[in-house]
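> Requesting a structural model of the entry that follows:
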Amino acid sequence: MNKGLDHNKRTGALLFSSLTAAALGLMSLNTNVVKADSNSGTQDTAQSFNRNDNDIRVETRVANNTISQANNQGATADNANTTAPEGNTNGTTDNADETQNGSVESPQGNNKDSNSQTSAGNDQPETDITKNENKISTKTIKTGKWGNADESYDSDTNVLTVSGSHDKDNPTIVSNAGLVAGFLGQNGPDPECTHVKKVIFDGYFKVVGDVKSVFIRLRGLTDIEGLENVDTSEATTMYAWFSQCSSLKHVDLSHFNTSNVKNMSYMFDRCTNLEDLDLSKFDTSQVKDMSYMFVGCKSLKELDLQNFDTSQVTNMSWMFAGCESLAKLNVTSFNTANVKDMSYMFNHCASLTNIDVHSFDTKNVENMKAMFSMYYSYSSDTSSVFGWDSSLVSLDLSNFNTSKVTDMSLMFMKCTKLKDLNISSFDTSQVTTMNSMFQGCNKLTYLDLRNFDTANVIDMSYMFRDTNSLVGLNLSSFNTSKVKSMSQMFYLYADPKEDGKYPKLSNLRTLDISNFDMSSNGSTYDMLKGHQNLLVLKLGKGNKLVSIMGLDTPGTWLNVGKKTMQDPEGSEKWSSGDLMKNWQVGAKDETYVRETTITAHYQDEKGKTLAPDETYTGTYSTPYEAKVKEIPGYVLTAMPKNAKGLIGENVDDIMFIYQKPTDNVNGKTPVKAADVTVHYEDENGNQIAPNVILSGNVGDGYQTETKTISGYTLKTRPNNATGFFTSQPQDVVYVYTKNDQSAKEPGKEPGQEPSDNDNSHNSSGNTKPNKKGTHKTNKKANKEGKSTAKPNNGCEQLSKSNGASKKTRTLAQTGSDRKSQIGMLLLGISALVLSLLGVGTKRRRKE
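Next up is the predicted model:
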């Protein structure tokens, strides 16, 4: 009874467990199938939502940034001087009220519902997650007038629109007007006018009379649209039209009619980014003022003005100043007969190597100050003030008539590469200032100024300062009776690298100032400082020497007296300081020569002293001849070029360089030679055998050998296969030709190496390693030396695999789970069947 009861309990438990397993399998299967579909849909929905959300966030940021950018545009604008060019007294609106003609603020948006309009001060954008339709606008429209034309400025787009007549035969007249952006802010650190990026001329216009400074100070301007619709045939001035448009790179002026224009000064002043300019259609026959026309156009590289008629021009000052990139300039057609001012005309044209000014008629020119100088300090932009680099090498001004010129100061200042200067025709009779005229021309070697009439000059300060290469200087005609300043007239700068000395900076040997009249008691501060190699100083009765003149030449000065410079009288022997102190004005004319010493050194190739130095002392032009010394165990490598000469002509020390002899005769030590390297190469210069290095002593012979190299045949035997060792390294190159290997061996391609396995790649596509662990490769190379092995495609397979896995990642996992669930279901059903079979069997036994 109990056994039957227990059996029934076990049978019931088994049935219950089987049914439960089957049910769970069914539930799990159905749930996960749904879950796989649900996950896929949810993922797509989430991605879609995230995209919309990102769009909202991006558009919100754009709306907010639009406000910020509109207010901060131009923060990096050019900080050049905002002061209007000189002479700008009429026709401008520098102090124009920003609310001129009434400014109107009109925020605009995309809202169609008037109840949802956003105020101009509200910078919080409305957003719609699904449509993203609403965007914030803080657009401000300002209006003004340019002559009879209406204007509007959109602060959102930074576009200024000038509206006029659309009847070409009846254009809008603009006369006696000024700035096209005059109704915008012009002053302050960040004026509103500098934010304008584009100007649109909508309609037809005619400029009449005096219209100045049209686009002045529009530093953010990059584009002008409709300029061809502006008729300039009756314009009389184009003064400063594009002044300080520092962002403008290109402007088309081919349609401009300039036949009545008289003033083009400052027209392109400081258009610093202007890259090209075609003015071939300009009619300049009436123009009188071209001063500052291209000043500061530092990006212009070429300018062809051969069509310019300059017959009426009187002022060309600063015309090309600061055009530092200008490499080509054609001014050969210029008629300068009426020009009075050429000051700073080519100032700081640092890229010009030559300027052809043969056509220039300068008979009426009065001012040539800094005409070719590299000194440039125009405007508040100091970036080029000390830009001394010059490309000008030669300059022929022999045709110049300078009879009316009064100012030649700074004329050639800092022409650092100028070697050839012809000013033989210069008439300086009216010149009053020559300060810094040749300052910094440190490549000039001779200046013959015998034709200079300096009777009216009052300032010669810095005139020859830092002309370090000058060897000859003729000032015999100089009249200095009116000169008030000779400060640093001949001053040479001390290079700190020379430790306060000037041996490589001073080349002037003779200075004759005996005709100088210093009775006016003008300043002579540091007039003679820095001339360390000066050997002859000629003084006259009119010279007044004082200690502040700075003569610091070392050594002893001897008076020549009645003898010669090579054999001076020497009754007066003074240092430079004593000469300044003891010289008496009006006493006499005297020439002083300085005793100087030249030294001969005897050294080996490493600078080691082998014998005592020898010195040769004398005055200017005293002959000398240094003697060769016999030094045991050494021979002289070469005779120095300056071993013989005249003192003063040669200032460098004499260097006798010795080396040990090249043989063992008489027990002398041989000199080790440089190595000879033997190379073995194929026709492409590739090494095919190890190099051989031969060593020996200077003068010894060497002999190289060929090598037998498998697969190669010698092509060229070098000419220096045998030779002698020298102090210089030598290379011997044997060139081989690769043998023909086109014949195939059974089962192998030509050049193929035998392998342990027919398969050159394993299953993963990688090269199979050999026994030493290195990869086997085909040793045959193409002509460029590149490996002929095929690339492994494993990366391509991996890429494809990765691409597939991305698409099936979620469903692949779901499929794996489904197999497990089906297995559980089958297991439950099997258990149920077995349980039922067991119950049936038991019942049959009982029966």
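> Can you show me the strands along the stretch 351-500 of the chain?
Counting by DSSP state E, counting those that start in this stretch, the segments of the stretch 351-500 of the chain that form strands are 394-396, 420-422, 446-448, 472-474.
> Could you list the low-pLDDT ranges of the protein?
Scanning the chain for pLDDT under 70 picks out the ranges 1-139, 375-389, 494-505, 662-669, 741-825, 827-828, 830-847.
> Could you rerun that using 50?
Applying pLDDT under 50 to the chain flags the ranges 1-3, 5, 29-135, 379-388, 499-503, 743-816, 846-847.
> want to throw the strands of the stretch 351-500 of the chain into TSV with mean neighbour count?
Every C-beta, even on glycine, is put in place using the N, C-alpha and C of the backbone. Below are the strands of the stretch 351-500 of the chain laid out as TSV (neighbours: other CB atoms under 10 Å):
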stretch	mean neighbour count
strand 394-396	16
strand 420-422	15
strand 446-448	15
strand 472-474	15
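> Kindly reformat these as CSV containing distance to residue 622.
Compiled in CSV, the strands of the stretch 351-500 of the chain are given as follows (distance: least, CB to CB, whole Å):
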stretch, distance to residue 622
strand 394-396, 36
strand 420-422, 32
strand 446-448, 24
strand 472-474, 20
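> How is the protein partitioned into domains?
598-667, 676-738 (automatic domain parsing).
> Now render these as CSV, adding distance to residue 166 and mean neighbour count.
Listed next are those as CSV, based on distance: least, CB to CB, whole Å; neighbours: other CB atoms under 10 Å:
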stretch, distance to residue 166, mean neighbour count
domain 598-667, 80, 15
domain 676-738, 73, 14
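> which stretch among those domains comes nearest residue 428?
Judged by CB to CB, the one of the domains of the chain that comes nearest to residue 428 is domain 598-667, at 30.5 Å.
> Dump the domains of the chain into TSV; add distance to residue 536 as well.
Compiled in TSV, the domains of the chain are given as follows (distance: least, CB to CB, whole Å):
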stretch	distance to residue 536
domain 598-667	5
domain 676-738	43
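> so which of those domains comes closest to residue 297?
Scanning those with CB to CB as the criterion, the closest one proves to be domain 598-667, at 45.4 Å.
> pretty sure residue 829 belongs to a strand, no?
No - assignment of residue 829 by DSSP: H, G, I helix; E, B strand; the rest coil gives helix, placing it outside any strand.
> That one - how many residues pack around it?
One way to gauge burial is a neighbour count; for residue 829, by other CB atoms under 10 Å, it gives 16.
> same deal with residue 582?
For residue 582, the count of nearby residues is 10 (other CB under 10 Å).
> Phi, psi for the nearest residue to it once chain neighbours are set aside please.
Of all residues not flanking residue 582 in the chain, residue 574 sits nearest, at 6.2 Å (CB to CB, 6 or more residues apart in numbering). Backbone torsions for residue 574, taken as degrees, to the nearest 10, come to phi -130, psi 150.
> Okay, and the beta partners of residue 574?
The partner list for residue 574 in beta bridges (DSSP bridges) reads residue 557.
> List phi and psi for the closest residue to residue 506 other than its chain neighbours.
If the residues on either side of it in the chain are set aside, residue 506 comes closest to residue 533, at 4.5 Å by CB to CB, 6+ apart. Reported as degrees, to the nearest 10, the phi and psi values for residue 533 are phi -110, psi 10.
> Now do residue 533 against residue 346, distance only.
According to CB to CB, to the nearest Å, residue 533 stands 33 Å off from residue 346.
> Who has more neighbours out of the two?
When neighbours are counted by other CB under 10 Å, residue 346 comes out ahead of the other of residue 533 and residue 346, with 25 against 20.
> secondary structure element for that one?
Under the criterion of DSSP states H and E, residue 346 resides outside all helices and strands.
> quick one, what contacts it?
In this structure, residue 346 makes contact with 320, 321, 352, 355, 371, 372, judged by CB atoms under 8 Å, 6 or more residues apart in numbering.
> For burial, what's the neighbour tally of residue 559?
Taking other CB under 10 Å as the neighbour definition, residue 559 ends up with a count of 20.
> Repeat that for the one 3 residues further on.
Neighbourhood size, residue 562 [other CB under 10 Å]: 8.
> Would you mind giving the secondary structure of residue 578?
Going by three-state DSSP, the secondary structure assigned to residue 578 is helix.
> Same check on the one 10 residues further on?
Three-state secondary structure (criterion: three-state DSSP) places residue 588 in coil.
> gap between it and residue 565?
The span separating residue 588 from residue 565 equals 17 Å under the rule CB to CB.
> Ok, residue 555 next?
Looking at residue 555 against residue 565, where the rule is CB to CB, the gap reads 15 Å.
> Which of those two has more residues huddled nearby?
Each of residue 555 and residue 565 had its neighbours counted (other CB under 10 Å), and the higher figure belongs to residue 565 (19 against 16).
> I figured that one was touching residue 619, is that so?
Yes - A contact is recorded between residue 565 and residue 619 when judged using CB atoms under 8 Å, the distance being 5.9 Å.
> joint contacts of the two?
With contacts defined as CB under 8 Å, 6+ apart, the residues adjacent to both residue 565 and residue 619 are residue 593.
> residues of stretch 271-289 that come out buried?
Neighbour counts using 16 or more other CB atoms under 10 Å place 271, 272, 273, 274, 277, 279, 282, 284, 287, 288, 289 of stretch 271-289 among the buried residues.
> wait, I meant stretch 304-311
For stretch 304-311, using 16+ other CB under 10 Å, the buried residues are 305, 308, 310.
> how about the nearest residue to the second one, chain neighbours excluded?
Of all residues beyond its chain neighbours, the one nearest residue 308 is residue 284 (5.1 Å), with distances taken as CB to CB, 6+ apart.
> In contact with that neighbour: list those residues for me.
Neighbour list for residue 284: 258, 261, 264, 290, 308, 309, 310, 313 [criterion: CB under 8 Å, 6+ apart].
> Just name the closest of those residues to residue 735, please.
Out of the contacts of residue 284, the member with the shortest distance to residue 735 (by CB to CB) is residue 308, at 63.7 Å.
> hang on, isn't the closest one packed against residue 333?
Yes - here residue 308 reaches residue 333: they are 6.4 Å apart, a contact under CB under 8 Å.
> Would you map the strands across the stretch 151-300 of the chain?
Along the stretch 151-300 of the chain, the segments classed as strands by DSSP E, counting those that start in this stretch run 159-163, 172-175, 198-202, 205-209, 223-225, 230-235.
> how about those in JSON lines, adding distance to residue 521 and mean neighbour count?
As requested, the strands of the stretch 151-300 of the chain are arranged in JSON lines below (distance: least, CB to CB, whole Å; neighbours: other CB under 10 Å):
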{"stretch": "strand 159-163", "distance to residue 521": "62", "mean neighbour count": "21"}
{"stretch": "strand 172-175", "distance to residue 521": "60", "mean neighbour count": "20"}
{"stretch": "strand 198-202", "distance to residue 521": "61", "mean neighbour count": "19"}
{"stretch": "strand 205-209", "distance to residue 521": "56", "mean neighbour count": "21"}
{"stretch": "strand 223-225", "distance to residue 521": "60", "mean neighbour count": "17"}
{"stretch": "strand 230-235", "distance to residue 521": "56", "mean neighbour count": "20"}
